[in-house]
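How does the following fold in three dimensions:
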Amino acid sequence: MDGALIPASLGVNPFATITALAERNVELFAQKHNLTVRDDRNGILDLFGEPEYPFTEMRPEPDEVVEQQEIKRVSSTISTAESMRLAGLGFTEVMAGFIHSNDEGVPTCDKKESYQEAYNVAKDLDEAARFFLSVQSFDTKSMVKRADHQATLTGTFVCPSLEGSPFMVQRGEFRLLVVDQRASCTRNMTYDFDMRGTDRSLLHFHGYKIVDSSVGLSVKGFWKATSTLYVTISRWPGGVRHSEDAQGWRRGEVVARGMLHIEPGDFKQQLMTLAPTGDTFWKKAWSMGSFVNYFGRTSLTHFLGPLAPLQYPPVAYDGYINDSPPDKSFTIVADDGVKTRMHMWEPTNSEIPARNVLLVPGAGVDHQIYATPTIPYNLVNYLTRAGYRVFVSVHRIGQLIVARNDHTTYDCRLDLRACIDLVRTRYPEPETANPGNKVYVFAHCMGSVALSAGMLEGDIPAAWVRGVSCSQVFMNPIWDTVNMKKAKAGPVALDKLYKMVVGNWFSIATDTEDKMVQKMVNQLLRFYPDPMKEVCNNASCHRSSFVFGRCWNHRNLNEATHRQIDRFFGGVNMTLMELLMRQGREGHVMNHSFEPLDTPKNIQRLRGVPFFFFVGADNAVLSQAATEKTYSILCQTFGLDGSGGDGDQAGEKPAMTEKNPGEDAREPMYRRVVIPGYGHLDGFIGKDAWTDVYPTLRTEIDRVIRGKAYRFVEPRDRFFEMVAAGEMLC
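Numbers count the residues shown, from 1 in each chain. Predicted coordinates for the structure are as follows:
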């Protein structure tokens, strides 16, 4: 206690001031901790002996225990480094910016846009923030070799808009360019530390810098990525940190968000503070060289873009955090004798009457696009907990051996007819709830085109179909720009050229032991025309883009999904590709003779079936015009409400989900929505699809099957707990 707190002496000299302050603080401390101050005399003090009266043992607070453990851990690390004469390295970093103070509750999403918005608000309100941190690694070799690339942080953080500022940094951890498991092709520099305020409050600081494909061949982009820190400040649950729960802050309330930046002048000073440690010159030189080598080598992988070394599929399965095996599987025998598969998952929510939904994947894939094992919450999980019995067809153009046998979307219609027939026969629904025992069908991409062929030709009667959700396309496939150029490339079509040179089958999977011609294809596909932010070094990803078009925005996939994309794709035969290219060029679903099936006569077979079209705004496979055209045709033919109108409403393109007062109260039969920020397939396999996409899809299924008045109530299951615990952070 410093007497300088008081502007003037309370007695004849400063000692009286200090004594008064000390006594007052002891009294307050005793009251706070329910202690009784004893007035026993000490007698003559023995400075070298034991005190006359022993100290009162006080039970330390939980966060004090954690702090003591952390001090012991760091002390042990320092002692080990000194005893083993290890080389280390340290530097000092200063960053400043704006952080907006606002209680958000427990976060469920963590996107760059939210940080930029908070930064803009904080800047307008002049909510400035700044930290001064020292980064120290006591063992450089361990830092660059370990997967977490960790070092220790100490320092201070100042943000006047936060109560308790300035803060002292405690238990700080810095991680240098670690693989971001939440996003593909991304590494982060992370800053994690607790902050003790002047009011003794405890907050947690989490910040990260993002280095991804967007920095490719761009010095400006690389500087922006490495000088921008996205910051979240949260309160520990109960205001206390527990040693056994290091990630508990994720369940705490967010109290502030924003961004910090490092200015060029501060960065210059930071470089000047970069100092290796060691007992010899050579150890110091090795320490500095190892650090620079790791930072440079790792950064160049992203900076070089398409010139970086190719990444091939791993041998071992990794990141399968949500294995979702079906409850039952069926062998499907179509009318032409071809055998395929269908899987089924029973509903997990007993509070809601079970209803049937058939999901149809696209070409080259199987049930895993809906039951994705590498994301914590997939579409099958989402629908089964909403009371649906989910069926997924694995048809003849999917990920099956039979897909090599020149089957096409037109043939596939027979598989879908057999699947719908099985669902209706073996799992009938009550007549009162579902007159006609119809099945709701959810179809993606070329699975949707196959469904359209069956419904337009009459092989799949409309009387069997309760409603259809069409992902990206239905009966009017129209390629996006790059795919259209590939489809029109000449003088020899790409599918025919590949068939002549290599063979009839194009596999998405590849490896370092592949044939020479496939290795050449892999190298050429480095330069597939994509925006720099979508460039990656995954050979299988390149191959899928070549044959289908880029199927996702890379930022929407986590690392495990992207790294093992070959496990979710099979391949395509060139007979199928010929039909797909022709259909996409001309904008019509066709049979084997290339005759359009979307004739006015055939379209009449779609009468009375509700259709919901949705498309990713960033779809690089099919044009948004594919669903726009079908939507317009149906509205022109049947009217928006399906009552057989004259098509006056055909020009309406936005999805109509509610009526304004005074408008026609009839329910729309046809709806269409565009999902912002998503591409072709990431709306299903994306890490955030559970919150960005699935609710839109389920709401439409609920509307058709359970009625427009129905409102879904979240069950209190493991997924609810995961969201509440902050485990689903994007």
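
What is the burial count for Phe684?
The number of residues packed near Phe684 is 26, by other CB atoms under 10 Å. In this view, the C-beta of every residue, glycine as well, is placed from N, C-alpha and C.

Okay, Trp552 and Gly155: tell me how far apart.
Going from Trp552 to Gly155 by CB to CB, to the nearest Å gives 39 Å.

and what of Lys339?
66 Å.

Give me the more crowded residue out of those two.
Gly155 (17 against 13).

Give me the distance between the more buried one and Val135.
From Gly155 to Val135 the distance is 9 Å (CB to CB).

per-residue confidence for Lys659?
The score at Lys659 is 39. That number is its pLDDT.

which ones are touching Val589?
409, 449, 452-453, 456, 475-477, 583, 596-598 (CB atoms under 8 Å, 6 or more residues apart in numbering).

How is the nearest residue in space to Thr273 that is not next to it in sequence assigned, secondary-structure-wise?
The shortest distance from Thr273 to any non-neighbouring residue, by CB to CB, 6 or more residues apart in numbering, is to Thr92 (4.2 Å). Secondary structure, DSSP: H, G, I helix; E, B strand; the rest coil: Thr92 is strand.

go on, the one 4 residues further on?
Under the three-state scheme (three-state DSSP), Ala96 adopts strand.

That one is in contact with His261, isn't it?
Yes: between Ala96 and His261 there is a contact at 6.8 Å, judged by CB atoms under 8 Å.

what helices or strands is the helix or strand of the chain with the lowest mean pLDDT leaning on?
Least confident helix or strand, the chain: helix 62-83 with a mean of 76, by mean pLDDT, DSSP states H and E. Contacts defined by 3 or more CB pairs under 8 Å, 6 or more residues apart in numbering; DSSP states H and E place helix 62-83 against strand 167-179.

what pLDDT, on average, does the strand it packs on get?
Here the average pLDDT along strand 167-179 is 92.

Number of residues surrounding Asp618?
The burial count for Asp618: 21, using other CB under 10 Å.

thinking again about what came up before, what separates the least confident helix or strand of the chain from the chain centre, distance-wise?
Centre-to-centre, helix 62-83 and its host chain are 35 Å apart (CA atoms, centre = their mean, to the nearest Å).

in stretch 77-94, what counts as buried?
Using 16 or more other CB atoms under 10 Å as the test for burial, stretch 77-94 gives 77, 81, 86-94.

my bad, stretch 527-535
Buried residues in stretch 527-535, defined by neighbour count with 16+ other CB under 10 Å: 528, 530, 533-535.

before we move on, what about stretch 121-132?
121-123, 127-132.

Show me these that map onto helices.
Within the buried residues of stretch 121-132, residues falling in helices by DSSP state H are 121-123.

Next up, the contacts around the closest residue to Asp194 other than its chain neighbours.
Excluding the flanking residues, the one nearest Asp194 by CB to CB, 6+ apart is Gln170, at 4.5 Å. With contact taken as CB under 8 Å, 6+ apart, Gln170 is in contact with 67, 70, 193-196.

repeat for Met722
376-377, 728.

Which helix or which strand is home to it?
helix 718-724 (DSSP states H and E).

which sections of the chain are below the confidence cut-off?
Within the chain, the segments meeting pLDDT under 70 span 1-12, 54-66, 103-109, 239-240, 242-247, 645-665, 729-730.

got the domain boundaries for it?
1-58, 71-302, 328-477+589-724, 483-571 (automatic domain parsing).

Pipe those domains into TSV and attach distance to Tyr317 per row.
Output for the domains of the chain, formatted as TSV (distance: least, CB to CB, whole Å):
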stretch	distance to Tyr317
domain 1-58	51
domain 71-302	15
domain 328-477+589-724	9
domain 483-571	7
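
of those domains, which approaches Gly319 most closely?
domain 483-571 (2.6 Å; CB to CB).

Counting by contacts, list what whichever strand or helix holds Gly221 packs against.
Element membership for Gly221 (DSSP H and E) is helix 219-226. Packed against helix 219-226 by the contact rule (3+ CB pairs under 8 Å, 6+ apart) you find strand 202-211, helix 281-303.

Mind giving me the PyMOL command for buried ones among the contacts of Met722?
The PyMOL command for the buried members of these (criterion: 16+ other CB under 10 Å) is given here:
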select buried, resi 376+377+728
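
and which of the contacts of Met722 is nearest to Trp223?
Trp223 lies nearest to Met728 out of the contacts of Met722, by CB to CB, at 32.2 Å.

pretty sure the closest one is touching Pro376, no?
Yes: Met728 is within contact range of Pro376, at 6.3 Å (criterion: CB under 8 Å).

Could I get the contacting residues of the residue nearest to Thr273?
By CB under 8 Å, 6+ apart, the neighbours of Thr92 are 132-135, 269-270, 273.

now, which of those lie within helices?
Using DSSP H, the contacts of Thr92 in helices are 269-270, 273.

now those residues: which count as buried?
Gln270.

Distance to Val231 for the ones in helices among the contacts of Thr92 - can I get that in TSV?
Formatted as TSV, the ones in helices among the contacts of Thr92 follow (distance: CB to CB, whole Å):
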residue	distance to Val231
Gln269	21
Gln270	18
Thr273	22
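
ok, which stretches of the stretch 401-550 of the chain are helices?
Residue ranges of the helices in the stretch 401-550 of the chain, as given by DSSP state H, counting those that start in this stretch, are 409-426, 445-457, 481-488, 494-501, 516-524, 539-548.

among those, which is nearest Asp566?
Nearest of the helices of the stretch 401-550 of the chain (CB to CB): helix 539-548, 4.0 Å.

ok, and what's touching the closest one?
The contact list for helix 539-548, computed with CB under 8 Å, 6+ apart, reads 310-313, 363-364, 506-510, 521-522, 525-526, 528, 530, 536, 551, 562, 565-566, 569, 571-572, 577, 621, 680.

hmm, try it at 7 Å
310-313, 506, 508-510, 522, 525-526, 528, 551, 562, 565-566, 569, 572, 621 (CB atoms under 7 Å, 6 or more residues apart in numbering).

Restricted to strands, list those residues.
506, 572 (DSSP state E).

Please pick the buried ones from the contacts of helix 539-548.
310-313, 506, 508-510, 522, 525-526, 528, 551, 562, 565-566, 569, 572, 621.

The helix holding Gly221: what's the following helix or strand?
strand 228-235.

can you tell me which helix or strand Gly319 belongs to?
Per DSSP H and E, there is no helix or strand for Gly319.

which non-adjacent residue is nearest it?
Ala560 (2.6 Å).

Buried residues of the helix or strand containing the one you found, list them for me.
Element membership of Ala560, judged by DSSP H and E, is helix 559-563. Neighbour-count burial for helix 559-563 flags 559-563 (criterion: 16+ other CB under 10 Å).

Could you dump these into a markdown table and include distance to Lys284?
Putting the buried residues of helix 559-563 into a markdown table (distance: CB to CB, whole Å) gives the following:
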| residue | distance to Lys284 |
| --- | --- |
| Glu559 | 35 |
| Ala560 | 39 |
| Thr561 | 42 |
| His562 | 39 |
| Arg563 | 37 |
